[in-house]
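A.B. asks: task: produce atomic coordinates for the following.
(one chain, ligands or ions: 2)
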Amino acid sequence: MNIHEYQGKAILKSFGVRVQEGIVAETVEQAVAAAKKLKEDLNSSWVVVKAQIHAGGRGKGGGVKLAKNLDEVKEKAGNILGMQLITPQTGPEGKKVNKVLVAQDVYYPGESETKEFYISVLLDRAKGRNIVMYSTEGGMDIEHVAEHTPHLIFKEEIDPKVGLQPFQARKIAFNLNLSGEAFKDMVKFVTALYKAYDATDSSLFEINPVLKTSDNKILAVDAKVNLDDNGLFRHPDFAALRDLAEEDPTEVEASKSNLNYVKLDGNVGCMVNGAGLAMATMDIIKLAGGEPANFLDVGGTANAETVKAAFNIILEDPKVKAILINIFGGIVRCDRVAQGVIDAYQELGNINVPIIVRLQGTNAEEAKALIDNSGLKVYSAILLKEAAERVKEVLAL
Ligand code: GDP
Ligand code: MN
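C.D. replies: Numbering: from 1, shown residues only. Ligands and ions are numbered 1, 2, ... in the order given. The predicted structure follows:
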């Protein structure tokens, strides 16, 4: 699960990681009030207004703006809130901005230069270890750095059983060419950052840029956080961090009905129980000359309700020319699934693409009889081969 920058920073702060302070706002008035408060509390009269969307590269797309007074806060927040922000990570349609983070300006001049670094903590699945990846080249695309100057990216492997060791934190600060106060602060920073990553069961904590301020403090200016879905049950309070407005609407609808749905580009919708069978079904569709329009695993309980929800989701895609339902009746009986398909079909009343149903397993014969006698534009098959041939036939029509 992805979360917003402001939420990631709140988590970091709770683990003692210094962050660029800010207040989230959903309206221009709230943004101005936030800027006033930052001035009172932190004496920060310049602020940055930062679009909150689940995508990076916001600065490049015009989603991060410096404001030097309250009039500018009003103007910049007004421009950013509600805009369709296009960044290299959003795709050409962009993402609508519903919230901004009004943050203290941390690039103020002082006794020494400011310096931007890149630091992330992530999981290396192949090695079964966590990795701290870091670079002196912060603030820009890390992909660009990796491609053109790979020797400027360092990796520190962490044994998850013992965590980040003090010598490793010092090595990181050393490789980032820090000394004095900034060195000490960086050691603290990475130690707390690793702790935050570990304790929240995250799969990614990416801070780009990490800033050395002109008074030698180390702080997180940005935060891209990915919480591991498989660990969410251990953190019930994280459920509140989910922002459905940032997710694909069809996939959200599918997950509400406990369906595993991934949209694809083809013309044959499929509805299958079990992820492995779904993959095999997609192969069969291709063999028959079609292209799967989606991956959809309805899970173990394929009743009329789930079948109906699945139909609705598949039919939202105008490219779908046929639907192949492939259900193996192990725990669930085929005749119940068949009845579910018939009920859903009749209830929806708007299905005008042919449907091929292949039911195999417990009560498969009864199920086929139910479908064949239903009088609907539904074709039954017991063998997968037959189903594939049916798909081929209806696509040729
Ligand atoms: P991203 O573009 O989505 O990665 O968003 P970031 O949070 O990384 O911000 C983009 C850029 O805005 C940073 O690399 C900085 O150069 C700039 N920026 C962020 N905070 C400040 C600030 O407090 N003052 C100034 N002057 N620039 C900032
Ligand atoms: Mn960034």
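
A.B. asks: now for residue 93, how many residues are close by?
C.D. replies: For residue 93, the neighbour count with other Cβ atoms under 10 Å is 8. Using the backbone N, CA and C atoms, a C-beta is placed for each residue, glycine as well.

A.B. asks: check the chain for the residue nearest ligand 2 and tell me.
C.D. replies: Ligand 2 sits closest to residue 222 of the chain, with a gap of 3.5 Å, by Cβ to the ion.

A.B. asks: the nearest residue to that residue once chain neighbours are set aside - how many residues pack around it?
C.D. replies: Closest residue to residue 222 apart from its sequence neighbours, by Cβ to Cβ, 6 or more residues apart in numbering: residue 208 at 5.6 Å. A total of 22 residues lie near residue 208 under the criterion other Cβ under 10 Å.

A.B. asks: what strands line up against the helix or strand harbouring residue 208, and which way round?
C.D. replies: Secondary structure assignment for residue 208, by DSSP states H and E: strand 202-212. With DSSP bridges as the test, strand 202-212 is paired with strand 115-124 (antiparallel), strand 218-220 (antiparallel), strand 224-227 (antiparallel).

A.B. asks: which of the three states applies to the closest residue to ligand 1 within the stretch 151-300 of the chain?
C.D. replies: Of all residues in the stretch 151-300 of the chain, residue 222 sits closest to ligand 1, at 3.4 Å by Cβ to the nearest ligand atom. Assigned by DSSP: H, G, I helix; E, B strand; the rest coil, the conformation of residue 222 is coil.

A.B. asks: that one and residue 47, how far apart?
C.D. replies: 15 Å (Cβ to Cβ, to the nearest Å).

A.B. asks: the two: which is more packed in?
C.D. replies: residue 47 (31 against 23).

A.B. asks: that one is in contact with residue 102, isn't it?
C.D. replies: Yes - when contacts are counted by Cβ atoms under 8 Å, residue 47 is listed as touching residue 102 (5.3 Å).

A.B. asks: so what sits against both of these two?
C.D. replies: The contact sets of residue 47 and residue 102 overlap at 34, 35, 38, 73 (Cβ atoms under 8 Å, 6 or more residues apart in numbering).

A.B. asks: just those residues now: which is nearest ligand 1?
C.D. replies: residue 38 (10.9 Å).

A.B. asks: interface residues of the stretch 151-300 of the chain facing ligand 2?
C.D. replies: The interface of the stretch 151-300 of the chain toward ligand 2, taken as Cβ under 5 Å from the ion, is made up of 208, 222.

A.B. asks: before we move on, back to that, hang on, isn't the residue of the stretch 151-300 of the chain closest to ligand 1 packed against residue 209?
C.D. replies: Yes - with contact defined as Cβ under 8 Å, residue 222 and residue 209 form a contacting pair (6.5 Å).

A.B. asks: would you map the helices across the stretch 51-200 of the chain?
C.D. replies: Ranges of helices in the stretch 51-200 of the chain, per DSSP state H, counting those that start in this stretch, are 70-80, 142-148, 166-175, 180-199.

A.B. asks: do you know which of the ones you listed lies nearest residue 56?
C.D. replies: Closest to residue 56 of the helices of the stretch 51-200 of the chain, according to Cβ to Cβ: helix 142-148, at 9.6 Å.

A.B. asks: got the phi and psi for the residue of the stretch 151-300 of the chain closest to ligand 1?
C.D. replies: Phi and psi for residue 222, reported as degrees, to the nearest 10, are phi -130, psi 160.

A.B. asks: ok, it - contacts?
C.D. replies: Counting by Cβ under 8 Å, 6+ apart, the residues that residue 222 touches are 5, 207, 208, 209.

A.B. asks: are any of those residues buried, and which?
C.D. replies: Buried members of the contacts of residue 222, scored by 16 or more other Cβ atoms under 10 Å, are 5, 207, 208, 209.

A.B. asks: neighbour count, distance to ligand 2 and secondary structure added to the shared contacts of residue 47 and residue 102, as a markdown table?
C.D. replies: A markdown table is the format used below for those (neighbours: other Cβ atoms under 10 Å; distance: Cβ to the ion, whole Å; DSSP: H, G, I helix; E, B strand; the rest coil):
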| residue | neighbour count | distance to ligand 2 | secondary structure |
| --- | --- | --- | --- |
| 34 | 22 | 20 | helix |
| 35 | 28 | 21 | helix |
| 38 | 22 | 20 | helix |
| 73 | 27 | 21 | helix |
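
A.B. asks: so where's this protein shaky on pLDDT?
C.D. replies: For the chain, residues meeting the criterion pLDDT under 70 lie at 301-302, 397.

A.B. asks: which positions in it make contact with ligand 1?
C.D. replies: 20, 48, 50, 56-59, 64, 66, 105-107, 139, 208-209, 221-222 (Cβ under 6 Å from any ligand atom).

A.B. asks: could you break this structure into its assigned domains?
C.D. replies: Listed by automatic domain parsing, the domain ranges of the chain are 1-19+107-247, 21-105, 249-396.

A.B. asks: what's the first-to-last distance across the second one?
C.D. replies: Okay, so that is domain 21-105. 9 Å (Cα to Cα, to the nearest Å).

A.B. asks: burial count for the residue nearest to residue 187 when sequence neighbours are not counted?
C.D. replies: Excluding the flanking residues, the one nearest residue 187 by Cβ to Cβ, 6+ apart is residue 169, at 4.5 Å. When neighbours are counted by other Cβ under 10 Å, residue 169 registers 21.

A.B. asks: equivalent analysis for the one 10 residues further on, please.
C.D. replies: As a burial measure, residue 179 scores 10 neighbours (other Cβ under 10 Å).
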